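*Asks:* heads up, no residue letters with this:
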């Protein structure tokens, strides 16, 4: 398909980019599981390599060739001047291109547990920036999969993908059910659950002897882990602090804990 030069912003094929929120994209018509936005050639390339299917690409003139090299000739590539694309999307395309990607079906929890040794579980983390940063640490330092609770921010939100540098498209992840069923699945698969929390009975991360199969449990900013999550944990672990500081940002804490437990 040839590159389509944008002449009319009312073209219905541009609706995916017209001031759309992440929530609206997730409910996009004509899709099986919704859409997400991939920003930059790097993220688009990682998405395609992961098997995700682009619906279209929106590119500045100097990135059209990059887009075509990644998606081929069968995916529509819309192009236009920066001012016009900003008018369409509501923001500058600092990275040159964005793509409307079909969301893939999420895998089952059981399939991710099957061959995993290290898991990260995110409970109700609301900030997509923190979700993205945690995924980047997971990809860099090492865990086999991420499990997120129903109220956790969506890893496919634009900001989470951007902060993770596309790592959310590479690291396997899925949504959990309730804590009772989750604990049952983790137990059946032989996982020890270590909850990161401030608690009088918490074990210092320096002293925690990680078992072969470990699920690291991280909670929401401010509120921390719920009572149900703590009850589902086998051990409560905390990072030793200095200078009267009691905790780190959840994304920073995840990186420290994963590195310490990666051996």
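*Replies:* Perfect, I can see it now. Remember, predicted model here, so these are calculated numbers, not experimental data. Numbering: from 1, shown residues only.
*Asks:* Can I take it that residue 252 is in a helix?
*Replies:* Yes - assessed by DSSP: H, G, I helix; E, B strand; the rest coil, residue 252 belongs to a helix.
*Asks:* Quick check on the residue nearest to the spatial centre of the chain: phi, psi?
*Replies:* For the chain, residue 155 is the residue whose C-alpha lies nearest the centre (CA atoms, centre = their mean; 2.8 Å). Main-chain dihedrals, residue 155, degrees, to the nearest 10: phi -60, psi -20.
*Asks:* ok, it - contacts?
*Replies:* 128, 131, 132, 135, 146, 148, 161, 164, 168, 173 (CB atoms under 8 Å, 6 or more residues apart in numbering). In short, each C-beta sits where N, CA and C put it, glycine included.
*Asks:* Residue 77 too?
*Replies:* Neighbours of residue 77 in contact, by CB under 8 Å, 6+ apart: 1, 3, 4, 56, 57, 58, 59, 64, 67, 68, 71.
*Asks:* what about 7 Å?
*Replies:* Residues near residue 77 by CB atoms under 7 Å, 6 or more residues apart in numbering: 3, 4, 57, 59, 64, 67, 68.
*Asks:* quick one: the helices in the stretch 51-200 of the chain?
*Replies:* 64-71, 82-89, 109-113, 128-137, 158-164, 179-188 (DSSP state H, counting those that start in this stretch).
*Asks:* What are the buried residues along the first one?
*Replies:* Using 16 or more other CB atoms under 10 Å as the test for burial, helix 64-71 gives 64, 66, 67, 68, 70, 71.
*Asks:* The fifth one contacts residue 42, correct?
*Replies:* Translated: residue 70. No - using CB atoms under 7 Å, residue 70 and residue 42 do not qualify as a contacting pair, with a distance of 9.7 Å.
*Asks:* what stretches of this structure score poorly on pLDDT?
*Replies:* Residue ranges of the chain with pLDDT under 70: 1, 244, 246, 263.
*Asks:* what does the domain assignment say about it?
*Replies:* Here the domain parsing of the chain from automatic domain parsing is 4-102, 109-260.
*Asks:* Which parts of this structure are strands?
*Replies:* 4-5, 35-39, 53-59, 77-79, 97-102, 118-122, 145-148, 173-175, 192-196, 203-204, 214-218, 235-238 (DSSP state E).
*Asks:* and residue 89, how many residues sit next to it?
*Replies:* 18 (other CB atoms under 10 Å).
*Asks:* can you check residue 74 too?
*Replies:* When neighbours are defined as other CB under 10 Å, residue 74 has 7 of them.
*Asks:* ok, now residue 250?
*Replies:* Using other CB under 10 Å, residue 250 is surrounded by 22 other residues.
*Asks:* So residue 54 sits against residue 101, correct?
*Replies:* Yes - contact criterion CB under 7 Å: residue 54 and residue 101 qualify, at 5.4 Å.
*Asks:* Mutual contacts of residue 70 and residue 42, please.
*Replies:* With CB under 7 Å, 6+ apart, residue 70 and residue 42 have no common neighbours.
*Asks:* closest to residue 76 among the contacts of residue 155?
*Replies:* Set against residue 76, the nearest of these by CB to CB is residue 161 (20.9 Å).
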